[in-house]
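In: Starting from these lines, generate the structure:
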Amino acid sequence: SRSTQRGRRKSRTIEDDDNKRTDNFLKKVKDKCGNDVKIADKYLDKSTNCPKIKFSKSDGTAGVSSNDDNYAFNDKPPKPYENKCECEPPNPLDKCPSDDSTYKKACTTFSITKTWEKKTFNDDLDSWTSVDLKKTISNNKGVLVPPRRRKLCFKYITRKLGSTINKDNFKKILLDYVFTEGKLLSEKYGSESTKALEAMKYSFADYGDIIKGTDMMEGILDKDINEKLNKIFSNNDSTSNSNDDRKKWWDNNKTHIWHAMLCGYKSENKSKTLDNTWCPVPKEDDTPQFLRWLEEWATIFCKEKLTEAKNVVKQCIETKKINSAKSINEISDEDCKKLLTKYKDWYVKRKPQWDGLKKEYENYIKTNNGSSGAEKLPDGANDYVKTKCKECDCNYSDLEKISKYQSQKEKLLKELILTAKIDTIDPKNTIFYHILNIPEKGLDIAKIVYDAAERNGPPIAGAASEIAQKVGT
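Out: Predicted structure coming up:
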């Protein structure tokens, strides 16, 4: 029956009403818009209240490309935020490769440059010359270049760089060279870690001068490197001077450069943990190159001076092989005669080197001392090197004394013997060292003993030595 059929008819729901309204709405849209909105993105383009935003890509008709800034589903973030979301992961070279863990993270990407050989150069002062130095004839006549700098691992880097002017590519190649330098210095000095660290710090600073454009070398390869760096760091790809940009780049990257050098050093002994004192970035690059080389020369000078003196004392003086000879030629023992001749010649060769360095230092402070806020330097090279390093504190005036007696054979031998004896004295074994270290009264007693020894001679000095050693120990 009709009543039964009406009873079986489904009741209308809210969902049915929504669907009906939607259907009616879309019919009206079709009537008004025709076939322009067959797909959702075109519908959104027609109906949105944001006219600048487009929802459909270009398909040859109206629309936008997927790279358009106004495309709603663009992969790029909106312009005000596109750089805000970019960040780089920490560079492994931010940390010092002091242990095995940090070494594996920071150092395994480097490769040894094949354009260099083992460090076979001699460290002695005979190997210091002015060859290929900038302006050798005029301003830098007295400057001497350390052999370590001449053999710095940087050769043929321009070949590696090719035509690139990309700074990131340059850095990658540079780090390989620096890594190789550290490795080769580690091989050269072996267990002498103090020497290796000293050499690495000096080489690090020389890399800095090359990068900054302040290097004093001017050989053919040095010129090629400098011209290439000017191109890399110039904004217009010209060869104009770009030292400011080069210095800024060095300052921003020198931590990675130092850590890369430590990577090279540690590559020779990966299991060894570096002392924490090695990790801080050296400050040697803040010192002008000439002053740094002067200090390096003075350090070696004092070491050689002591070594030469010890050989003479041990093999000639203590063995009494000089006997009554009044000149080197009169010494009967041939080995001793050769040794003293070598000792004399060492001073003869060092004298012009030191004279040139002193003169160059004088020229340097005339134009640089205290200028533009620079540190005021001591007036003489002698005082400068002694204030810079304790290893440089030895008697440079001996060069003048021994040189003065070259034609006076008797005085020359006496001066050589006296100099050798004084240089080999261990201060801790002297009378006054023991006296000065007597608690509280050491200085007063030293003055009294000195005056007494002046008046009464050796007996007082001997007694003072015995008393001082008993009291001071």
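
In: Count the neighbours of residue 222 for me.
Out: 16 (other C-beta atoms under 10 Å). In short, each C-beta sits where N, CA and C put it, glycine included.

In: can you give me phi and psi for it?
Out: The phi/psi pair for residue 222 (degrees, to the nearest 10) reads phi -60, psi -40.

In: so it makes contact with residue 132?
Out: Yes. Between residue 222 and residue 132 there is a contact under C-beta atoms under 8 Å: 7.0 Å.

In: tell me the contacts of the spatially closest residue to residue 281 that is not a sequence neighbour?
Out: Spatially, and ignoring its direct neighbours in sequence, residue 281 is nearest to residue 258 (4.8 Å; C-beta to C-beta, 6 or more residues apart in numbering). Contact partners of residue 258, counting by C-beta atoms under 8 Å, 6 or more residues apart in numbering, are 204, 281, 282.

In: Repeat the analysis, applying 10 Å as the threshold.
Out: The neighbours of residue 258, taking C-beta atoms under 10 Å, 6 or more residues apart in numbering as the test, are 93, 96, 178, 182, 200-201, 204, 207-208, 278-282, 285.

In: hang on, it in a strand?
Out: No. The assignment for residue 258, made by DSSP: H, G, I helix; E, B strand; the rest coil, is helix rather than a strand.

In: Tell me how far it lies from residue 250.
Out: 11 Å (C-beta to C-beta, to the nearest Å).

In: joint contacts of those two?
Out: In contact with both residue 258 and residue 250: 207, 208, 285, using C-beta under 10 Å, 6+ apart.

In: check contacts around the residue nearest to the second one when sequence neighbours are not counted.
Out: If I follow you right, that is residue 208. Distances taken as C-beta to C-beta, 6+ apart put residue 285 closest to residue 208, at 3.7 Å, once the chain neighbours are dropped. Residue 285 makes contact with 201-202, 204-209, 211-212, 214, 250-251, 254, 257-258, 292, according to C-beta under 10 Å, 6+ apart.

In: how close does residue 285 get to residue 202?
Out: With C-beta to C-beta as the criterion, residue 285 and residue 202 are 10 Å apart.

In: between those two, what contacts are shared?
Out: What both residue 285 and residue 202 touch, as defined by C-beta under 10 Å, 6+ apart, is the set residue 292.

In: show me where pLDDT drops low in the stretch 251-400 of the chain?
Out: 370-373 (pLDDT under 70).

In: State the pLDDT value of the closest residue to residue 103 other than its chain neighbours.
Out: The shortest distance from residue 103 to any non-neighbouring residue, by C-beta to C-beta, 6+ apart, is to residue 97 (4.4 Å). What the model reports as pLDDT for residue 97 is 95.

In: and residue 97, how many neighbours does it have?
Out: Quick note: residue 97 (other C-beta under 10 Å) scores 27 neighbours.

In: let's number from 474 now, not from 1
Out: Renumbered: residue one is now 474, and that last one reads residue 570.

In: which stretch of helix or strand covers it?
Out: Here residue 570, judged by DSSP states H and E, is contained in no helix and no strand.

In: Contact partners for it?
Out: Contacts of residue 570 (C-beta under 10 Å, 6+ apart): 576-580, 732-740, 743, 747, 751-752.

In: can you pull the buried residues of the helix or strand containing residue 705?
Out: Applying DSSP H and E as the criterion places residue 705 in helix 693-706. Residues 695, 698, 699, 701, 702, 703, 704, 705, 706 are the ones in helix 693-706 that count as buried (16 or more other C-beta atoms under 10 Å).

In: Can you read off the backbone torsions of the nearest residue to residue 600 once chain neighbours are set aside?
Out: Nearest residue to residue 600, sequence neighbours excluded (C-beta to C-beta, 6+ apart): residue 620, at 4.2 Å. When quoted as degrees, to the nearest 10, the phi and psi of residue 620 stand at phi -60, psi -30.

In: does residue 620 really touch residue 597, like I thought?
Out: Yes. The criterion here is C-beta atoms under 10 Å, and residue 620 meets it with residue 597 at 8.6 Å.

In: The two - which one has more neighbours?
Out: Set residue 620 next to residue 597 and count neighbours by other C-beta under 10 Å: residue 620 wins out with 19 against 12.

In: For residue 776, see how far away that one is.
Out: 15 Å.

In: same question, residue 861
Out: For residue 861, the distance to residue 776 - C-beta to C-beta - is 15 Å.

In: out of these two, which sits in the more crowded spot?
Out: residue 861 (19 against 16).

In: which ones are touching that one?
Out: With C-beta under 10 Å, 6+ apart, residue 861 has these contacts: 760, 764, 765, 767, 768, 771, 772, 850, 851.

In: Just the ones in helices from those residues, please.
Out: 764, 765, 767, 768, 771, 772 (DSSP state H).

In: thought residue 889 was touching residue 809?
Out: No. Counting by C-beta under 10 Å, residue 889 stays clear of residue 809, with 11.7 Å between them.

In: What count of nearby residues applies to residue 663?
Out: 11.

In: any idea where the strands of the stretch 824-946 of the chain begin and end?
Out: Ranges of strands within the stretch 824-946 of the chain: none, based on DSSP state E, counting those that start in this stretch.

In: How is the chain divided into domains?
Out: 490-522, 573-759, 762-843+851-897, 899-945 (the TED database).

In: Generate CSV for these, with distance to residue 562 as supplementary columns.
Out: Shown next, in CSV, are the domains of the chain (distance: least, C-beta to C-beta, whole Å):
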stretch, distance to residue 562
domain 490-522, 37
domain 573-759, 12
domain 762-843+851-897, 36
domain 899-945, 54
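
In: do you know how far residue 602 is from residue 817?
Out: 22 Å.

In: Look up how far residue 749 lies from the most centrally placed residue in the chain.
Out: By C-alpha atoms, centre = their mean, the mean C-alpha position of the chain lies nearest to residue 677, the distance being 2.5 Å. Distance, residue 677 to residue 749, using C-beta to C-beta: 18 Å.

In: can you check residue 662 too?
Out: With C-beta to C-beta as the criterion, residue 662 and residue 749 are 20 Å apart.

In: Specify which residue of the two has the higher count of neighbours.
Out: Higher neighbour count among residue 662 and residue 749: residue 662, with 19 against 9, using other C-beta under 10 Å.

In: surely the more buried one meets residue 673?
Out: Yes. Residue 662 lies in contact with residue 673 (C-beta under 10 Å); the separation is 9.4 Å.

In: got any residues that touch both of those two?
Out: residue 738.

In: chain center to the helix ranked longest in the chain: distance?
Out: Ranked by residue count and defined by DSSP H, the top helix of the chain is helix 807-841. When distances are taken as C-alpha atoms, centre = their mean, to the nearest Å, helix 807-841 is centred 28 Å away from the chain's centroid.

In: Could you tell me which residues within that helix count as buried?
Out: So, applying 16+ other C-beta under 10 Å, buried residues of helix 807-841: 809-810, 812-813, 816-817, 819-820, 823-824, 826-827, 829-831, 833-834, 836-838.

In: again with stretch 662-681
Out: 662, 666, 669-681.

In: For the residue nearest to residue 600, give me its contacts.
Out: 592, 593, 594, 595, 596, 597, 598, 599, 600, 601, 602.

In: Can you flag which of those residues belong to helices?
Out: Counting by DSSP H, no part of the contacts of residue 620 is found in helices.
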